[in-house]
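1. structure here, sequence nowhere to be found:
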Ligand SMILES: C[S@@+](CC[C@H](N)C(=O)[O-])C[C@H]1O[C@@H](n2cnc3c(N)ncnc32)[C@H](O)[C@@H]1O
């Protein structure tokens with residue numbers, strides 16, 4: 001039996017009861033300064049900072065993500081993003097739509113709830129993106145989360161997000177990608193990743209699709225921008241029947 005999205009309210013229908021998520025070790029060890037420190041949150045939570053981190057590409061990447069969505073849809077954002085990402089998304093979906101933001105860090109959820117005040121169709125709750133338990137969303141919008149995850153976690157999160165969309169829905173991944181060999185920022189980004197983001201280069205070496213255990217139900221496509229440094233990869237759920245589709249682009253290497 002198919003479920004009409006319009007017949008659903010904003011509450012996802014998880015297969016499991018929500019339990020408070022524990023902060024994963026990689027987040028505590030590698031990203032405490034960025035996401036778990038209340039003092040730094042005040043400094044970093046500005047559109048100008050997000051824009052600087054993305055070399056001025058924040059608005060462009062946001063527009064590319066929104067172009068995959070439509071007002072009135074039920075959308076899951078599986079990790080908080082600094083700046084105005086969630087309010088812009090909530091505004092775009094409109095009161096006929098619904099936005100669920102989740103994040104594994106209670107501090108980030110508290111902060112996001114503050115930014116979403118005034119949007120009655122948007123809510124935020126603490127959940128680990130690796131353990132979401134379904135949801136039947138029209139779309140999932142995953143903005144720069146994957147590169148921060150160790151490979152094993154990447155696999156779990158990709159599968160959990162694919163599991164969260166209804167047949168016909170899509171998962172949108174906006175994240176880093178291997179830049180063109182002559183990209184002037186390639187050596188800088190390589191250094192930044194080696195020093196601060198130890199799991200990011202996984203996305204230089206592997207297609208996001210190759211982290212997924214289930215390939216049969218999904219039709220993948222990928223675009224890159226800024227000379228390859230960023231990608232928007234979209235997995236469309238082509239139904240429950242499990243019909244195997246051709247890859248939009250070949251996956252060059254399998255994840256080890
Ligand atoms: C989306 S990513 C990076 C986004 C971008 N760098 C920015 O401007 O914020 C940052 C968020 O991911 C969250 N996060 C990390 N691992 C997670 C997980 N397993 N489940 C849910 N959220 C997670 C962090 O707590 C943080 O709030």
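-> All right, it came through fine. Note that the coordinates shown come from a computational prediction; the quantities given were computed from them, not determined experimentally.

2. which SSE is residue 71 in?
-> Taking DSSP states H and E as the definition, one finds residue 71 inside no helix or strand.

3. phi and psi next, for it.
-> Backbone geometry at residue 71, expressed as degrees, to the nearest 10, gives phi -60, psi 150.

4. what is the neighbour count of residue 144?
-> Neighbourhood size, residue 144 [other CB atoms under 10 Å]: 21. C-beta coordinates here come from the backbone N, C-alpha and C atoms, glycine included.

5. next up, phi/psi of it, please.
-> phi 50, psi 40.

6. now it, nearest residue through space, not along the chain?
-> Nearest residue to residue 144 in three dimensions, chain neighbours excluded: residue 175, at 5.5 Å (CB to CB, 6 or more residues apart in numbering).

7. the one you found - that's part of a helix, no?
-> No: Residue 175: not assigned to a helix; according to DSSP: H, G, I helix; E, B strand; the rest coil it is strand.

8. what about it, distance to the ligand?
-> Per CB to the nearest ligand atom, to the nearest Å, residue 175 is found 9 Å from the ligand.

9. wait, that residue sits on residue 147?
-> Yes: here residue 175 reaches residue 147: they are 5.3 Å apart, a contact under CB atoms under 8 Å.

10. joint contacts of the two?
-> Common contact partners of residue 175 and residue 147 (CB atoms under 8 Å, 6 or more residues apart in numbering): residue 203.

11. shaky segments in the stretch 151-256 of the chain?
-> 240-256 (pLDDT under 70).

12. go again with 50.
-> Flagging of the stretch 151-256 of the chain using pLDDT under 50 yields the residue ranges 241-256.

13. strands along the stretch 101-250 of the chain, start to end?
-> 122-126, 137-143, 165-176, 218-225, 230-237 (DSSP state E, counting those that start in this stretch).

14. mean neighbour count, those: which tops it?
-> Comparing these by mean neighbour count (mean count of other CB atoms under 10 Å), strand 137-143 ranks first with a mean of 24.

15. please name the strands paired to that strand in the sheet, noting orientation.
-> If you go by DSSP bridges, strand 137-143 pairs up with strand 74-77 (parallel), strand 165-176 (parallel).

16. what's the distance between the last one and the middle of its chain?
-> Relative to its chain's centre, strand 165-176 lies at 8 Å (CA atoms, centre = their mean, to the nearest Å).

17. got the angle for it vs strand 230-237?
-> Strand 165-176 and strand 230-237 meet at an angle of 170 degrees, taking axes from the mean of the first three to the mean of the last three CA atoms, to 10 degrees as the criterion.

18. ok, which residues in the protein are in contact with the ligand?
-> Listed as neighbours of the ligand in the chain under the rule CB under 6 Å from any ligand atom: 24, 27, 35, 50, 78-82, 103-105, 108, 128-130, 143-145, 148.

19. which of the residues you listed are buried, as a ChimeraX select command?
-> Selection of buried members from these for ChimeraX, criterion 16 or more other CB atoms under 10 Å:
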select :24,27,35,50,78,79,80,81,82,103,104,105,108,128,129,130,143,144,145,148
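
20. quick one: the helices in this protein?
-> Assigned by DSSP state H, the chain shows helices spanning 25-31, 38-44, 47-53, 58-66, 85-93, 106-115, 151-162, 186-196, 202-205.

21. residue 227 is nearest to which of those?
-> Among the helices of the chain, the nearest to residue 227 by CB to CB is helix 186-196 (8.8 Å).

22. quick one: that closest one to strand 165-176, angle?
-> Per the same axes, to 10 degrees, the angle that helix 186-196 makes with strand 165-176 is 110 degrees.
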